[in-house]
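**Student:** 3D model of this:
(one chain, ligands or ions: 1)
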Amino acid sequence: MTNHPSILPLKVRNLDYEAGGKNLVKNINCEFNHGKRYLLLGPNGAGKTLLLRLCHGLLKPKSGNVVWSSGKDINPKHHQAMVTQRPVMLRRSAYANIDYALSVRGVDKALRPDMINAVMQRTGLTRVANKLATVLSLGEQQRLAIARAWVLKPQVLFMDEPTASLDPPATHSIEELIHEISAEGTTVIMTCHDLGQAKRLATDVLFMFRGRIKEMSSADDFFAGPQNDLAQAFLDGQLIWWKRRPEKDDVQI
Ligand SMILES: Nc1ncnc2c1ncn2[C@@H]1O[C@H](COP(=O)(O)OP(=O)(O)OP(=O)(O)O)[C@@H](O)[C@H]1O
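**Tutor:** Next up, the predicted model:
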């Protein structure tokens, strides 16, 4: 984390997003605070990725606002980073991929080697530093994507299903990294489908269904028993059943 003024809390107000003639994100109101690990949960197509991308500024809302708390002197874009499910690697070495991220952020060339070596060590990538990033294993590429984001010392790290294509050991190593990044004060906002992973990582949960947040609570409260019927059905693995009963969904929504 940098010593810059905090860009948090992030306040999302009355957010709507439309594409393909459909309102896909509906009236989202929520707040993200410093040092937490937020897990966005919900079935396929609930709008989790869209909400991450809207918060990160990659999509423009139809209406509503994403408001960072920083004053005029700080650009919130410079204090956040995003890791996606399938990271895009540049066709150059792992080391050069991280160097590129730092150069784009305007970090002095002389400062970069120490920063790169440190982050490669912490993410277990030193051994593959000179390998072409595009030939690394999926697990290594995902760790490189995290290293590339972490080296920027973001205040907020968005992660979209960062372990979706990984085996259990690689997943475990990414979860350890997320804990380390969080312990250094970075707020993590991520999506995942693995309830075990959500329990291991989350301090807070946002449950989404059909573009809306149906429940936002501490992870302890959520996993002890959510207030929302759809969230409970999701935890019970029965949301398919709810989906087959549109008349009931309409009442619940
Ligand atoms: N550009 C677009 N045009 C039309 N529909 C879109 C567009 N982008 C996303 N959608 C739709 O919006 C819905 C929400 O998508 P999103 O990727 O946010 O879901 P998600 O909750 O992340 O799902 P998953 O868990 O499967 O990744 C989906 O039904 C998707 O098909």
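**Student:** can we go C-alpha only for contacts and neighbour counts from here?
**Tutor:** Will do.
**Student:** can you give me the mean pLDDT across the lengthiest helix in the chain?
**Tutor:** With DSSP state H applied, the helix covering the greatest number of residues in the chain is identified as helix 168-183. For helix 168-183, mean pLDDT rounds to 95.
**Student:** hey, C-alpha coordinates of it in PDB?
**Tutor:** Taking Å, rounded to 0.1, in the frame of the first residue of the first chain, the C-alpha atoms of helix 168-183 are listed here in PDB:
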ATOM      1  CA  PRO A 168      -6.500 -27.300  -5.800                       C
ATOM      2  CA  PRO A 169      -2.800 -26.600  -5.000                       C
ATOM      3  CA  ALA A 170      -2.700 -23.600  -7.400                       C
ATOM      4  CA  THR A 171      -6.000 -22.300  -5.900                       C
ATOM      5  CA  HIS A 172      -4.500 -22.700  -2.400                       C
ATOM      6  CA  SER A 173      -1.500 -20.700  -3.300                       C
ATOM      7  CA  ILE A 174      -3.600 -17.900  -4.800                       C
ATOM      8  CA  GLU A 175      -5.700 -17.800  -1.700                       C
ATOM      9  CA  GLU A 176      -2.600 -17.400   0.400                       C
ATOM     10  CA  LEU A 177      -1.500 -14.500  -1.800                       C
ATOM     11  CA  ILE A 178      -4.900 -12.900  -1.400                       C
ATOM     12  CA  HIS A 179      -4.600 -13.100   2.400                       C
ATOM     13  CA  GLU A 180      -1.100 -11.600   2.200                       C
ATOM     14  CA  ILE A 181      -2.200  -8.700  -0.100                       C
ATOM     15  CA  SER A 182      -5.100  -8.100   2.300                       C
ATOM     16  CA  ALA A 183      -2.800  -8.100   5.300                       C
END
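**Student:** name the helices or strands packed onto whichever helix or strand comes after it?
**Tutor:** Read in the C-terminal direction, the helix or strand following helix 168-183 is strand 187-191, with elements assigned using DSSP states H and E. Judged by 3 or more CA pairs under 8 Å, 6 or more residues apart in numbering; DSSP states H and E, strand 187-191 is in contact with strand 37-41, helix 48-55, strand 156-160.
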